Structure formats: structure tokens, C-alpha cells
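Undergrad: Sequence and predicted structure are below.
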Amino acid sequence: MERPAVPDALSKDQAGAEADLAGLKEELAVANRLLVNEDVLDAFGHVSVRHPADPGRFFLSCALPPIVVQAGDILEFDLDGSLVGASDRPLYSEVVIHSEIYRARPDVSAICHHHAPAILPFCVAGTPLVPVSQLGAVIGEEAPFWDSQHEFGDTNLLLTRPEEGASLARALGPHWLVLMRRHGATVVGRSLREMVFRAVHSAANAAVQSQAMQLGRLDALTAGERALAGVIRASPVERSWLHWKARLDAAERR
Ligand SMILES: [Zn+2]
């Protein structure tokens, strides 16, 4: 008997959607390892991407050092930070960083929380991070600070409660990068590759800014330069991704 056309078409769509999700999980796994290779992540830190068909869900690895994350390690969460479906894999303690930012920022499709060595001195000193070169403009108009002390007093500095994630999301506001005092940073983007672009280039900017300050002079971009250079186009995002991916491939072949 001939199969009816409609279910056939639906199953084709479903197969296509599943293939897209498999590709997205693979790309998220690559982003984890790539960000280690570029000195943004180390044994700690985590990367997530919003579900393309369901804005109330996102993908994040189970608790692993990012350098070993593969597509099969990726789990699905909702905006309460709860696991969708069952898994006996260990979970990151700071899932609320992701869930609460996705809840507060519908325009954000990817998030990385990290403790990059180039950024950490700014989080400790409280010195503003400012764009000092063309690519540093990925930081945006401002990289605000968030201090857990202000609302929560003494903690172990990890964000484990939804109210802590929501507080961080408020500090981030409409920006792309929030510096977390005595802890690290969280960077967001409208796509996974754009977020990676912002994460790597903002850390590189921090390293150059620190060195320029040691030289005793800092000429940051003007407000007008920041606005113009801060417009993110697709081609530099793609070129950077290809460059970092090739470096990762070379490192993984060794
Ligand atoms: Zn952290």
C-alpha cells in the first residue's frame, strides 16, 4: 500500500531537524575544545547554545573538562535550569548562569562562562575592560561588572541558585560581556560562532590592554570608533572560526 504523502513529508522534516540538531551539538562540542585551545577555557568553564526550534531550551555539556567534550556529552536543559529527559551524567553546578541569561535575553543564542587568564586581572582589580584595537570592539559599548557580594554577601563564588543567575543577567543587561568580580566572565552572542568570536577577541583585547597599561599609556577606541568597529559582520566571524578550527584540528592530530 502506498504511504500517505503528508506523514512522509513530516518524517522527512523531522529527519532534517534531527540532522540539524546533531550538527549543532557537534559544533557546540567543537566550540568547547576550540575555546580551550585559544586559552579562554581551561579545566573549568562551560559553553551552551539555545535550541533553534524551542527558545525555552538550550544545550550544554555534562560536567567535563571542555577539552574532552564530544557531541554525545551534550545534554538539554529548560529555562529553570532543569535537565530535559533523564541522564545519570554529572551536571555543571552553574547551569543557572545559562538558564537565567537565556530567560532575560531573547536575542542571545549562545553563552560561555570562563575564567580566562587574560581577563581575570580585570575581575580582581575592578579595572574597566575597554576596546583598545579594532577587534577589541567585540566587547561592545561597555563590559559591566557583577559582584556577588552586593546581593548575596559571602558565598563560595559559584552561581548555583536561580536568583544568582538572574542577578548576573541583570548586570549583563543589553551588553555582550559581564565581568564577575573575583571569579571570571560570561560572554554572550546571537549565534554560537559570534559568541566564540566575542569570547576569543575580548580575551585577546584584555591581554593587549594589560600590556599597554604596563607600558604606561592607554589610548582606547573613541565612543564613535567603538560603535562603528563594534558592528559584527558575518565574514570576520567565519574567518576567525575557520582559523581557530584549523588550529584545533592541528592540535588534535598531534
Ligand atoms: Zn565560574
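TA: Perfect, I can see it now. Numbering: from 1, shown residues only.
Undergrad: neighbours around residue 85, how many?
TA: Residues lying near residue 85 (other CB atoms under 10 Å) number 7. In short, each C-beta sits where N, CA and C put it, glycine included.
Undergrad: Leaving out sequence neighbours, find the closest residue to it.
TA: residue 76 (6.5 Å; CB to CB, 6 or more residues apart in numbering).
Undergrad: shouldn't residue 61 be in contact with residue 75?
TA: Yes. Contact criterion CB atoms under 8 Å: residue 61 and residue 75 qualify, at 7.0 Å.
Undergrad: Compare those two (neighbour count), which wins?
TA: The residue with more neighbours, out of residue 61 and residue 75, is residue 61; 25 against 20, by other CB under 10 Å.
Undergrad: Strands of the stretch 101-250 of the chain, residue ranges please.
TA: For the stretch 101-250 of the chain, the strands defined by DSSP state E, counting those that start in this stretch occupy 110-114, 145-146, 177-180, 184-189.
Undergrad: Relative to the longest one, what are the paired strands and their orientations?
TA: What that stands for is strand 184-189. Strand 184-189 has its sheet partners listed here by DSSP bridges as strand 110-114 (antiparallel), strand 177-180 (antiparallel).
Undergrad: mind checking which of the ones you listed is nearest residue 197?
TA: Relative to residue 197, the nearest member of the strands paired with strand 184-189 by CB to CB is strand 110-114, separated by 10.3 Å.
Undergrad: Could you give the separation of that closest one from the chain centroid?
TA: The chain centre lies 2 Å from the centre of strand 110-114; the measure is CA atoms, centre = their mean, to the nearest Å.
Undergrad: Restrict that strand to CA atoms and write it as CSV.
TA: Written as CSV, here are the backbone C-alpha positions of strand 110-114 (Å, rounded to 0.1, in the frame of the first residue of the first chain):
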residue,chain,number,x,y,z
ALA,A,110,25.0,31.2,22.9
ILE,A,111,26.8,31.7,26.2
CYS,A,112,30.2,31.0,27.5
HIS,A,113,31.2,31.3,31.2
HIS,A,114,35.0,31.3,31.7
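Undergrad: picking that back up, quick one, which of the strands paired with strand 184-189 is packed in tightest?
TA: Comparing the strands paired with strand 184-189 by mean neighbour count (mean count of other CB atoms under 10 Å), strand 110-114 comes out on top with a mean of 27.
Undergrad: Rounded mean pLDDT for that one, please.
TA: If you average the pLDDT over strand 110-114, you get 98.
Undergrad: which residues touch that strand?
TA: The contact list for strand 110-114, computed with CB atoms under 8 Å, 6 or more residues apart in numbering, reads 31, 35, 40-41, 44-50, 94, 97-98, 101-102, 184-192, 194-196, 199.
Undergrad: What pLDDT is listed against the residue nearest to residue 175 when sequence neighbours are not counted?
TA: Once flanking residues are discounted, residue 175 sits nearest to residue 140: 5.4 Å by CB to CB, 6+ apart. Here, the pLDDT recorded for residue 140 equals 93.
Undergrad: My read is that residue 140 contacts residue 177, right?
TA: Yes. Here residue 140 reaches residue 177: they are 6.8 Å apart, a contact under CB under 8 Å.
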